[in-house]
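# Structure of the sequence below:
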Amino acid sequence: MIRRDKYLNKLIANRWNGFPKVITGIRRCGKSYLLKELYRQYLLDNGLPEEEILVIELDDDRNARYRDPIFLGEYVREYCNSTKQCVVFIDEIQLVYSIVNPNITDGKHVLAKENDSQVISFVDVVLGLAREKNIDLYVTGSNSKMLSSDVITEFRDKAVNINLAPLSFDELYSYKGGDKTEVLYDYMQYGGMPLAVLRLEDEKKEYLKGLFETTYIRDIIERNKLRKGSTLDELCNILSASTGELLNAYKISNTYKSAKHEEIDTHTVEKYVEYFVDAFLIREARRYDVKGRSEIGALRKYYFADTGLRNARLNFAFPDEGQMLENIIYNELLYQGYSVNVGTFDIVEKDGGGKSVRKTCEVDFFARKGIRQYYIQVSVNIDDAETRAREKRPYFMLKDQIQKIIVINKPISECLDENGFTIIGVTDFLLRFIK
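Sure, this is the predicted structure:
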């Protein structure tokens, strides 16, 4: 069994808090499994009678009637009125269609149109059921409507959002065990989508490529009413190949022009990139002035929620090891609860002619969690003197007391170099140091 203890503990901590628990996240990352298998078993093991758990799977044709919001609400209340308390799981909540308020249609249930204002939707049902004193409500969804990061905006402050990610490296290693370096390379190549992890080696690639094409791209096209997906496809390829590079709309537009020999305006680029962010496919790391203590500029780095999905876009061409290490470290820091930025700061140096020149220096990540703060440089290795000097150079110019770390892809434990900088192997960093 693949354990998802971090998310399971969030569900446990929010039991009977008066709010619906809305589980969002990228498609196929295990939302239904978390709720209907792991959490349900926890409730049963802790004494909740099975009849006090109501599971409604709206993608089952036998439950098609309950895709009507009024009928769904009536059914849940009727069932729960016969029990002292009731834990309700509604899976695939996005299948609940919106209807015009029956009070203005003579009691008829009429499908709502896009511009109708007097509408009853799944949001109304969820909020209404959550107000019932004997109901503890949990919902999941798996299409573009529920995958959108704006779904919690619809609930405003009236729901608990639990955003589920693919398996972290920590979760994957807890499941697989064995040689840490071997597991890391497998994770680097195929990521942590649960159904990919459970497949045989030769099946993983086809599963991930198919998942991207038939699910994620289609969801984004349908949600945003795009007429064709070729531009979206090409921009996704550009982001895949540019993982961990500083980008803005102008740079992406120029790359698109070089690849397709077509123009694309920066506004369209920004809009399409936002579609990927909104669907939880990619995450953005913004630049942060570590001396001025503020986020700055339009340049940012983009990382995929799952390295296997990123590699699927590039047909599993040999991945850039440095890019993949950065992506994995970024995701793992977020999983462990850190806020993460690209660290930047300006220095003034003399050029060859003695003239003062302002230059911008960069640290891969500036990570913060409570009182813990780290500067982090990521490198495949630092055996080469030139590489070692490049990775350390920003640290010599930062005179503060924040711990300065270089993560390398070697199976070594934490140590200090002659300058007091922390050198640590990536698996030790991921599995121990940042916890």
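# Go through stretch 232-245 and flag the buried ones.
232, 234, 235, 236, 237, 238, 239, 240, 241, 242, 243, 244 (16 or more other C-beta atoms under 10 Å). The way it works is simple: take the backbone N, C-alpha and C, and place the C-beta from them, glycine included.
# Show me the residues you listed that map onto strands.
Members of the buried residues of stretch 232-245 lying in strands (criterion: DSSP state E): none.
# of those residues, closest to residue 390?
When the buried residues of stretch 232-245 are compared for distance to residue 390 (C-beta to C-beta), residue 244 wins out at 15.3 Å.
# mind listing what the nearest residue to that closest one once chain neighbours are set aside touches?
Distances taken as C-beta to C-beta, 6 or more residues apart in numbering put residue 326 closest to residue 244, at 4.3 Å, once the chain neighbours are dropped. For residue 326, the contact set (C-beta atoms under 8 Å, 6 or more residues apart in numbering) comprises 243, 244, 303, 364, 378.
# and what of residue 50?
By C-beta under 8 Å, 6+ apart, the contact set of residue 50 is residue 44.
# for residue 175, same thing?
2, 3, 167, 197.
# from the residues you listed, which would you call buried?
Listed as buried from those are 2, 167, 197; burial here means 16+ other C-beta under 10 Å.
# ok, these vs residue 45, which is closest?
Nearest to residue 45 among the buried ones among the contacts of residue 175, with distances taken as C-beta to C-beta, is residue 2, at 17.6 Å.
# How is the closest one classified with respect to secondary structure?
coil (DSSP: H, G, I helix; E, B strand; the rest coil).
# That one contacts residue 167, doesn't it?
Yes - checked against C-beta atoms under 8 Å, the pair residue 2 and residue 167 is within contact range at 6.9 Å.
# avg pLDDT for the longest helix along the chain?
If you go by DSSP state H, the chain has its longest helix at helix 321-335. When pLDDT is averaged over helix 321-335, the result is 97.
# mind listing what residue 247 touches?
Residues in contact with residue 247 (C-beta under 8 Å, 6+ apart) are 239, 299, 300, 301, 302.
# which regions of the stretch 51-200 of the chain lie under the pLDDT threshold?
The model of the stretch 51-200 of the chain has pLDDT under 70 over residues 142-153, 156.
# Which parts of it are helices?
Listed in chain order, the helices of the stretch 51-200 of the chain (DSSP state H, counting those that start in this stretch) span 69-80, 122-130, 144-147, 151-155, 169-176, 180-190, 194-197.
# and the last one, what other elements does it pack with?
So the one you mean is helix 194-197. Helices and strands touching helix 194-197, by 3 or more C-beta pairs under 8 Å, 6 or more residues apart in numbering; DSSP states H and E, are helix 169-176, helix 201-211.
# picking that back up, between the buried residues of stretch 232-245, which is closest to residue 372?
residue 244 (22.9 Å).
# thought the closest one was touching residue 319?
No - with contacts counted by C-beta under 8 Å, residue 244 stays clear of residue 319, the gap being 11.5 Å.
# tell me which residues in stretch 204-215 are buried?
Counting neighbours by 16+ other C-beta under 10 Å, one finds that the buried residues in stretch 204-215 are 204, 205, 207, 208, 209, 211, 212, 215.
# so which of the residues you listed comes closest to residue 131?
Distances from residue 131 to the buried residues of stretch 204-215, taken by C-beta to C-beta, are shortest for residue 215, at 33.9 Å.
# And the pLDDT for the nearest residue to the closest one once chain neighbours are set aside?
When the adjacent residues along the chain are set aside, residue 215 lies closest to residue 27, with 5.1 Å between them (C-beta to C-beta, 6+ apart). According to the prediction, residue 27 has pLDDT 85.
# if I've got this straight, residue 27 is in a helix?
No - with three-state DSSP as the criterion, residue 27 is assigned coil and is not in a helix.
# Out of the buried residues of stretch 232-245, the closest to residue 172 would be?
Nearest member of those to residue 172, counting by C-beta to C-beta, is residue 243, at 19.3 Å.
# how close does the closest residue to that closest one other than its chain neighbours sit to residue 434?
In space, residue 243 comes closest to residue 323 once its chain neighbours are excluded; the distance is 4.5 Å by C-beta to C-beta, 6+ apart. Noted for residue 323: a distance of 20 Å to residue 434, by C-beta to C-beta, to the nearest Å.
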